[in-house]
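*Asks:* sequence first, then the predicted structure:
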Amino acid sequence: MDWRAARRLPSRLVHVWRTSLRFRTVLITVALTGIAILVTGVVVSFSISNDLYQSRLDQAFGDSARATTDAQKKLDAADATDPAAVQSLFQQVLGDVKNSTSTNLIQSSRVPGQGAAAGAPTGITTFGSAQSVISGELKAKVRSSDHAIYAQSVALPAPDGSTDPGIVVGTELVLPNAGRYELYLGYRLHDSEQTLLFVQRTLLLAGLALVLLIGAITWVVVRFVVVPIRLAAETSQRLAAGELEVRMPEKGEDVFTTLARSFNGMADALQRQITQLATLSQLQQRFVSDVSHELRTPLTTIRLAGDVIYDQRASFPPATGRTAELLHTQIERFDLLLSDLLEISRYDAGSVALELEPTNLVRLAEDAIDSLQALADQNGSEVRLVAPGGYFQVEMDPRRIRRVVRNLLGNAIEHGEGKPIIVTVDSNETAVALSVRDNGLGMTQQDTRRVFDRFWRADPSRRRSIGGTGLGLAIALEDATLHGGWLDVWSSPGEGSCFRLTLPREPDGSIGSSPLPLSPSGSDRENETDRVGGSYPEHAAESGAQNADESGSVNAARTHPGSEVQPW
Amino acid sequence: MSARILVVDDDTALAEMIGIVLRTEGFEPHFCADGAVAFEAFRAARPDLVLLDLMLPGLDGIEVCGRIRAESGVPIIMLTAKSDTADVVKGLESGADDYMVKPFNPKELVARIRTRLRPTSSNGSVERLQVGDLTVDVAAHEVRRGEKRINLTPLEFELLLALASKPQQVFTREMLLEQVWGYHYKADTRLVNVHVQRLRAKVEDDPDNPRIVTTVRGVGYRAGVSA
């Protein structure tokens, strides 16, 4: 594993921790039992080591007590007076002590401060370099009282240079004609420590084995629980994804079977409801589509007849002539309404397919502006195209996008109050966008929200110069969505409106952000994160705040009906 | 001499109304209301142009279109209540030259008929053109590969002629729509796509690897082997 993989490991562990219930459960169980076993092990090991030390201490005490008592008895019984005899007696007694105890570390010397005694033995030691372990404190205790035995735990240097734990026991002997001698016996606890280490090692291994075993057991037990849960999760996921016929297996009598049974019951009910609704909605769509189709043939006849009559209106009396004109325009309006209705019904039925072609959005905008120039002139609006970017081919359905652009432009001309209209095209790395900005009356925030609704009109009494059907913006929104793009609106009463179409540069590509600002201040970008992949109308937050109190008032601009120009 | 036009539509009111419009414009309409007898009516009337409704009792309009096309190159304009992609493309693929979505405007109908009936727009200056290994005889309305004559409908001939008269010039779909179909505004470019496919099927040795009518990606088509 190289260092990069090693660096990724923590994040992968975090990921597994967050996603795997089994991993989490096993880890928690292992951690908790590990802590419990560790605490038990430490207590057990501590108590064993204490016990071992104590027993060795008792042994050392007993050992040395017996030896010194024997030695003192011997000393008391002897009557050596001359220095040589005393010296030999001392040697002999110490030799006995050494033999009768289980240690060969022995040191004895005359207690200082008793005045000089001629011929008193100088003392011996087998401690060697370990003499220093006998602390002054112990020496002081031994010297202070009579015949009591004192012990001290020490670290005895071993022959191989390391140190062994040990005990030094000190007491006092009285040598006839020579005074008090202090006697120290050193006991190595080396073997006890070996025992302790062995016990500790065994405890550690047993603990580790136990933790692993518990981990494995937890893994298996959690499996029993997790597998049905995972099955339930997968089943509900598939159900949510539209596989209405999936069910969970129902075997046994336990709680999971109950879960499976109620889950399946829910799925049954859901399937029934959805199927019912789908059938209803299909029927309704079919109905709309059929009605529209059936209307077309008679409408064609009516239209042909109307046109024939219209062409001859000059030869009719004035009232009949005007009637022919009205008939003509209303048939046309009916025609538009019908084709929009059909288009919407096609979207509802999901039977719309894009005909993608590489298209230059700037050229398309120029064409659309040209085709509506007459209408713009008639309304006195100047239409300007500003295109800092977007001069390249993007896969789109040019018929639909042209229809959207013409629609937005037609709306802008109709509601632009004769003020300049600016069409902007720009691009960034993920998207191309076109916005149409008018400086007309604008809309309130409330109206902006509804502007893409079907047949919605803010003010039905408003004069309509180009006679929309009320479906244009709804269709435009569907067109944009079908392209994987957005259609947004910003508007403010008295300031005009801005509609922005954003399309991905690659078909099925995602749009990072729109290349164009929506509101004049351009501060709508933070709002874009709220959009959920779709193209719902949004209202820039800052203008919303500014208008929030206005939108409810009587003189708020309610003069931007959702009317639109008819697609070609 | 007035052009004969066969109107195949089961809606008698509409057929009659179309007849009135056509007569006003100086055409001679014939009628047929049943798909099953449409082909016989076609043979009997020997029309100069067929207006064909897609939804017919008896035999489907697409089927009728295919049968007429198998025998004759006479211009066919489909009338359809559905502008859905699949139906229109199916109709065009079965050989229709053009289509009109109901409800249509009488002036548009007449304009479309006139475009299809006008004599091939040969400017007279050229008699003979060479495209790849094809010889286009403009006056005789004939296309030959070597000695072999290739049967093209008038529309296909005009499409080939338009491309061949300016070899190496790239024609956008919109240009072809205007020149060949007579549309002066943005129309359905699928018309061009489908008919280029039909033309290629007839004139190319390997339609999957065209050498006579080549595609210029993102722009349109041109005649001749691309450089």
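*Replies:* Nice, I can see it.

*Asks:* CA only for contacts and neighbour counts going forward, please
*Replies:* OK.

*Asks:* neighbours of the residue of chain B found nearest chain A, how many?
*Replies:* Of all residues in chain B, the one sitting closest to chain A is B:Pro103 (4.1 Å; Cα to the nearest Cα). B:Pro103 has 24 neighbouring residues, counting by other Cα atoms under 10 Å in any protein chain shown.

*Asks:* can you tell me which helices and strands the lengthiest strand in chain A packs against?
*Replies:* Scanning chain A for the longest strand, with DSSP state E as the assignment, gives strand A:163-175. Using 3 or more Cα pairs under 8 Å, 6 or more residues apart in numbering or on different chains; DSSP states H and E as the contact test, the elements touching strand A:163-175 are helix A:21-77, helix A:136-144, strand A:150-157, strand A:179-188, helix A:190-240.

*Asks:* try 10 Å this time
*Replies:* In terms of contacts (3 or more Cα pairs under 10 Å, 6 or more residues apart in numbering or on different chains; DSSP states H and E), strand A:163-175 is packed against helix A:21-77, helix A:83-100, strand A:105-110, helix A:136-144, strand A:150-157, strand A:179-188, helix A:190-240.

*Asks:* most tightly packed of those?
*Replies:* Sort the helices and strands packed on strand A:163-175 by mean neighbour count, taking mean count of other Cα atoms under 10 Å in any protein chain shown, and strand A:179-188 sits at the top with a mean of 24.

*Asks:* direction included, what does that strand pair against?
*Replies:* According to DSSP bridges, strand A:179-188 forms sheet pairs with strand A:105-110 (antiparallel), strand A:163-175 (antiparallel).

*Asks:* got the buried residues for the longest one?
*Replies:* I take that to be strand A:163-175. Going by neighbour count (16 or more other Cα atoms under 10 Å in any protein chain shown), the buried part of strand A:163-175 is A:Asp164, A:Pro165, A:Gly166, A:Ile167, A:Val168, A:Val169, A:Gly170, A:Thr171, A:Glu172, A:Leu173, A:Val174, A:Leu175.

*Asks:* next one: stretch A:282-290
*Replies:* Using 16+ other Cα under 10 Å as the test for burial, stretch A:282-290 gives A:Gln285, A:Arg286, A:Val288, A:Ser289.

*Asks:* looking at it, the third one is touching A:Leu341, isn't it?
*Replies:* Yes. In this structure A:Val288 lies within contact range of A:Leu341 using Cα atoms under 10 Å: 8.0 Å.

*Asks:* find the nearest non-adjacent residue to A:Gly123, please.
*Replies:* Nearest non-adjacent residue to A:Gly123, counting by Cα to Cα, 6 or more residues apart in numbering or on different chains: A:Ser109, 4.1 Å away.

*Asks:* A:Thr359 too?
*Replies:* A:Gln393 (4.7 Å).

*Asks:* check A:Leu337 too.
*Replies:* A:Thr469 is the one closest to A:Leu337 (Cα to Cα, 6+ apart), at 5.4 Å.

*Asks:* does the one you found sit in a helix, a strand or a coil?
*Replies:* Assigned by DSSP: H, G, I helix; E, B strand; the rest coil, the conformation of A:Thr469 is coil.

*Asks:* do you know how far it is from A:Asn360?
*Replies:* Remark: distance between A:Thr469 and A:Asn360 (Cα to Cα, to the nearest Å) = 28 Å.

*Asks:* ok, B:Val7 next?
*Replies:* B:Val7 is 40 Å from A:Asn360, by Cα to Cα.

*Asks:* spit out the contact partners of the residue most central in space within chain B.
*Replies:* For chain B, the residue nearest the mean C-alpha position is B:Asp97 (2.4 Å; Cα atoms, centre = their mean). By Cα atoms under 10 Å, 6 or more residues apart in numbering or on different chains, the contact list for B:Asp97 reads B:73-78, B:91, B:116, B:153-156, B:181, B:191-192, B:194-195.

*Asks:* count the residues that sit near B:Pro167.
*Replies:* By other Cα under 10 Å, 17 other residues sit near B:Pro167.

*Asks:* which SS class is it?
*Replies:* coil.

*Asks:* show me what contacts it?
*Replies:* When contacts are counted by Cα under 10 Å, 6+ apart, B:Pro167 touches B:Leu129, B:Gln130, B:Val131, B:Leu161, B:Arg222, B:Ala223, B:Gly224, B:Val225.

*Asks:* surely the residue nearest to A:Thr359 touches A:Pro504?
*Replies:* No. If you go by Cα under 10 Å, A:Gln393 and A:Pro504 don't touch, sitting 11.8 Å apart.

*Asks:* and the strand or helix carrying A:Ala278, what does it pack onto?
*Replies:* Under the criterion of DSSP states H and E, A:Ala278 resides in helix A:255-311. If contacts are counted by 3+ Cα pairs under 10 Å, 6+ apart, helix A:255-311 sits against helix A:190-240, helix A:318-349, helix B:12-24, strand B:76-80, helix B:106-117.

*Asks:* the last one: what's the following helix or strand?
*Replies:* Pointing back at helix B:106-117 there. Next helix or strand after helix B:106-117 toward the C-terminus (DSSP H and E): strand B:128-131.

*Asks:* could you spell out the sheet neighbours of that next one, each with its direction?
*Replies:* By DSSP bridges, strand B:128-131 pairs with strand B:134-137 (antiparallel).

*Asks:* what does the partner strand contact?
*Replies:* B:126-130, B:142-150, B:157, B:160-161, B:164-165, B:203-204, B:212, B:224.

*Asks:* among those, which are in helices?
*Replies:* Counting by DSSP state H, these place B:Phe157, B:Leu160, B:Leu161, B:Ala164, B:Ser165, B:Val203 in helices.

*Asks:* which one of the buried residues of stretch A:282-290 sits closest to chain B?
*Replies:* A:Ser289 (9.8 Å).

*Asks:* contacts only, for the closest one.
*Replies:* A:Leu283, A:Leu295, A:Leu341, A:Leu342, A:Glu343, A:Ile344, A:Ser345, A:Arg346, A:Asp348, A:Ala349, B:Lys82.

*Asks:* filter these to the buried ones?
*Replies:* A:Leu295, A:Leu341, A:Leu342, A:Glu343, A:Ile344, A:Ser345, A:Arg346, A:Asp348, B:Lys82.

*Asks:* surely the fourth one and A:Ile475 touch.
*Replies:* Yes. The pair A:Glu343 and A:Ile475 qualifies as a contact (Cα under 10 Å) at a distance of 7.5 Å.

*Asks:* name the residue of chain A that lies nearest to chain B.
*Replies:* Closest point on chain A to chain B, by Cα to the nearest Cα, is A:Thr300, at 4.1 Å.

*Asks:* test my guess that that residue contacts B:Leu14.
*Replies:* Yes. Using Cα under 10 Å, A:Thr300 is in contact with B:Leu14, at 7.0 Å.

*Asks:* for A:Pro358, give me its contacts.
*Replies:* Neighbours of A:Pro358 in contact, by Cα under 10 Å, 6+ apart: A:Phe392, A:Gln393, A:Val394, A:Glu395, A:Met396, A:Asp397, A:Pro398, B:Arg217, B:Gly218, B:Val219.

*Asks:* now with 8 Å?
*Replies:* A:Gln393, A:Val394, A:Glu395, A:Met396, B:Gly218 (Cα atoms under 8 Å, 6 or more residues apart in numbering or on different chains).

*Asks:* same check, this time on A:Ile331
*Replies:* A:Leu299, A:Ile302, A:Arg303, A:Gly306.
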